[in-house]
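In: Return atomic coordinates for the entry below.
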Amino acid sequence: MKDKVQKYLDFHRKNGGTGKLFEFKYINYTDSCLELEGNFTELTLNPDGSVQGGMMTSMLDDATALLLIVESEGAVYPASTDLHSLHHLPLKSGKCRVKATTMRKGKSIATVKGEIFNEANKLVTTLVHTVYLIHKSRSI
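Out: Alright, predicted model coming up:
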């Protein structure tokens, strides 16, 4: 399964700006759940040294979209219709664990939950991501 997911992580890193920024690494994949390691560099920080909330939302936007892309084997491209983020704790730069879980998926709309955990495994940010599923004629 790691090779299947890695294919899409590599594509994301090569073709997307945030793919380079967040440096995703595979942790685990099961049906409807993808876990990745992410990294926040100094480029993502507020002046006080904490990660900017929009950067955490962006990371979760990417991770939740990647889950849907992996599950469709690249045949679906998710277009965001709503991103609702809750920031529970501040986060410093460095590594974090990202978890994306499908909440509900229909033929054209999906809702996916994303979570960021700090190095102490405390929940930092939660995202509820609603997307319109664009069905591609060929997979990425």
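In: What lies in contact with the helix or strand bottoming out on mean pLDDT in the chain?
Out: Taking mean pLDDT, DSSP states H and E as the measure, the helices and strands of the chain show their lowest mean at helix 17-22, namely a mean of 87. With contacts defined as C-beta atoms under 8 Å, 6 or more residues apart in numbering, helix 17-22 is touched by 9, 11-13, 38-41, 43-44, 58-59, 62. (Glycine included, C-beta is placed from N, CA and C.)
In: Just the buried ones from those?
Out: Leu9, His12, Gly38, Phe40, Thr44, Ser58, Met59, Asp62 (16 or more other C-beta atoms under 10 Å).
In: now, which of those residues sits nearest Pro90?
Out: Distance ranking of the buried ones among the contacts of helix 17-22 against Pro90, using C-beta to C-beta, places Phe40 first at 11.6 Å.
In: pLDDT below threshold where in the protein?
Out: 138-140 (pLDDT under 70).
In: mind running it again at 50?
Out: Filtered on pLDDT under 50, the chain yields no residues whatsoever.
In: Alright, that wraps it up for me.
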